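Student: Following is a predicted model, sequence given first.
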Amino acid sequence: MQETRRRIVQFGLLGALLSGRPVRAEAVAPVAAHQSDFAARADALVRPYARAGIFSGAVIVARDGAVLFRQAYGAAQREWSVPNTPETRFRIASLTKQFTAAAILTLQEAGQLRLDDPAAQHMPGLPATWAPITLRMLLDHTAGLPNVTALPDYPTLLARTARTPMAVVGRLFREALLFPAGSAQEYSNTGYILLAAIVEGITGAPFATALNRLVLAPAGLAETGDADPEAVIPQRAAGYHRVAGQWRNAPPVVSAAVLGAGGLVSTLDDLVAWDAALFSGRILRPAALAEMVRDSGHGYGLGLYVGRAYGQRLLSHGGFLDGFSAIKDSYPDLGLTVVVLGNTETTPAQTLSRRLGALALGQPEVTEIAVPAAVLDRYVGVYRMGPRAVVSLAREGDRLVARGAGPARLGLTPESDRVFVAEDGTRLALDIEPDGRATGLLLDLPGGARAGPRIDAQTARRIGNRRLARLGPR
């Protein structure tokens, strides 16, 4: 761990990318590094989410070799009240994709494949309709493969029992492509699971072993590796989700079900060290790195979203997997990395990372997040917050509002697809099932968080003196 910290000191997403007003790099470079109170301000930004019960995890902001802020919140293991620490290992979900992409590029540099090779050249037995699909198309999500994680039986069957990556990919052999290969783009985990199988075939080693040899060990990442739920992994956080107002252990996802797409655990320090290794050229030669971070025309490179935020170039990726939410935002021209790792599904990772990025750059916050109307409609309903208190959520146009028995009305602004902030600063988070149904509500109130289940209209009418649970200022 000390070696990892030393490497960080030597260092000189989910999602949608934002644009801010242009700022010259040299004008913003010294801002955060010279603010003696930056850590206190960053903690003040993050702590309300932890107090509300919405965020449990760890956060780091590092720039030009200096760790500006590094803090953990909440519990890594709720049954025994074990706290998260900055060294806790979290599942990083789709942040895994950039490591898989780097492994493929490393194999290309070694002459063992080319990005424009047909996938079938390295994986015999693929359907004939997949013949036009290249490795590059798998990497940039233009292959047209349906997302296997969206299949109805994925959470109950494949995610629990899959033994090999091809057992997962094979589930789609009879499915039609979403579009002719290379003609459009749609994000799909399937391509990266297939890439993991191809790495195994070329190297003759299990993907975890091959990834460590090709990428992790050269980068010096000792705390990053396979998130096998059956393995004993020191300092690993458990993942949690909420059902009907109660915290529950998130169901485990077996390695093969997300191999190459979301199968790693890592730490704050290792992810910052990864940026240092990647952008310094220690992992990939300049041509391969340039290919990885080049926008293919859809705001995506190879395993990374490519865009701009606050006037700066931003390379980012978020991740979400049962019980975990994560993001890594990298501003390579400034040497700035922001990482948010959470072990609750309610974590508004992108909002936190972009707010911290704005703080580090001395810029006004821009964290606009749009939630589709169909998703908002799933949240509409009545939630019991106490024996005689309820919160009603309704949709008005493109936003949710919270209402009580009288004319009280609070507009809600999304901070993620399931976390919202009210006009007075109060935050609330929805409990949802895998099919998207809302089953409960977590509400930040003075004195602590309060949670309750969704109730039907008839039950709500039986609650006397129906009122809106107070959403007061702090």
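Tutor: Structure's in. What do you need?

Student: From now on I want contacts and neighbour counts done on CA atoms only, so please keep to that.
Tutor: Fine.

Student: where do the helices sit along the stretch 151-300 of the chain?
Tutor: Using DSSP state H, counting those that start in this stretch, the helices of the stretch 151-300 of the chain run over residues 159-161, 165-169, 189-203, 207-211, 217-219, 255-258, 268-279, 286-292.

Student: ranking the ones you listed by burial, who's on top?
Tutor: Comparing those by mean neighbour count (mean count of other CA atoms under 10 Å), helix 255-258 comes out on top with a mean of 28.

Student: Under a three-state scheme, what state does the closest residue in space to residue 430 that isn't next to it in sequence occupy?
Tutor: Leaving aside its sequence neighbours, residue 430 sits nearest to residue 441 (CA to CA, 6 or more residues apart in numbering; 4.8 Å). At residue 441 the chain is in strand, as set by DSSP: H, G, I helix; E, B strand; the rest coil.

Student: my read: residue 441 touches residue 420, true?
Tutor: No. Taking contacts as CA atoms under 8 Å, residue 441 lies outside contact range of residue 420: 11.0 Å.

Student: Compare those two (neighbour count), which wins?
Tutor: residue 441 (29 against 23; other CA atoms under 10 Å).

Student: ok but residue 121 is inside a helix, no?
Tutor: Yes. Counting by three-state DSSP, residue 121 falls inside a helix.

Student: please begin residue numbering at 869 from this point
Tutor: Taking 869 as the first residue, the last one we looked at is residue 989.

Student: And residue 1022, how far from residue 1030?
Tutor: 10 Å (CA to CA, to the nearest Å).

Student: cool, and residue 1234?
Tutor: 41 Å.

Student: got a list of what residue 958 touches?
Tutor: By CA atoms under 8 Å, 6 or more residues apart in numbering, residue 958 lies in contact with 1104-1106, 1133-1135, 1192, 1209-1211.

Student: Dump the residues you listed into TSV; add pLDDT, distance to residue 1321 and neighbour count as well.
Tutor: Compiled in TSV, the contacts of residue 958 are given as follows (pLDDT from 0 to 100; distance: CA to CA, whole Å; neighbours: other CA atoms under 10 Å):
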residue	pLDDT	distance to residue 1321	neighbour count
1104	98	30	19
1105	98	26	25
1106	97	23	22
1133	98	32	22
1134	98	33	25
1135	98	33	28
1192	96	22	27
1209	98	27	31
1210	98	23	33
1211	98	21	32
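
Student: closest to residue 990 among the residues you listed?
Tutor: residue 1133 (27.3 Å; CA to CA).

Student: Skipping its backbone neighbours, what lies nearest that closest one in space?
Tutor: residue 959 (4.2 Å).

Student: Tell me, how many residues neighbour residue 1025?
Tutor: Using other CA under 10 Å, residue 1025 has 11 neighbouring residues.

Student: Need the pLDDT of it.
Tutor: pLDDT, residue 1025: 90.

Student: now swap in residue 1266 and tell me
Tutor: Confidence at residue 1266, expressed as pLDDT, is 88.

Student: How about residue 889?
Tutor: For residue 889, the predicted pLDDT is 27.

Student: Mutual contacts of residue 1309 and residue 1288, please.
Tutor: Joint contacts of residue 1309 and residue 1288 (CA under 8 Å, 6+ apart) are 1296-1297.

Student: biggest strand in this protein, by residue count?
Tutor: For the chain, the strand reaching the highest residue count under DSSP state E is reported as strand 1180-1189.

Student: Pull the contacting residues for the residue positioned nearest the centre of the chain.
Tutor: Compute the mean C-alpha point of the chain, and by CA atoms, centre = their mean the closest residue is residue 1187, 2.3 Å away. If you count contacts by CA under 8 Å, 6+ apart, residue 1187 has them with 881-882, 960-963, 1130, 1193-1195.
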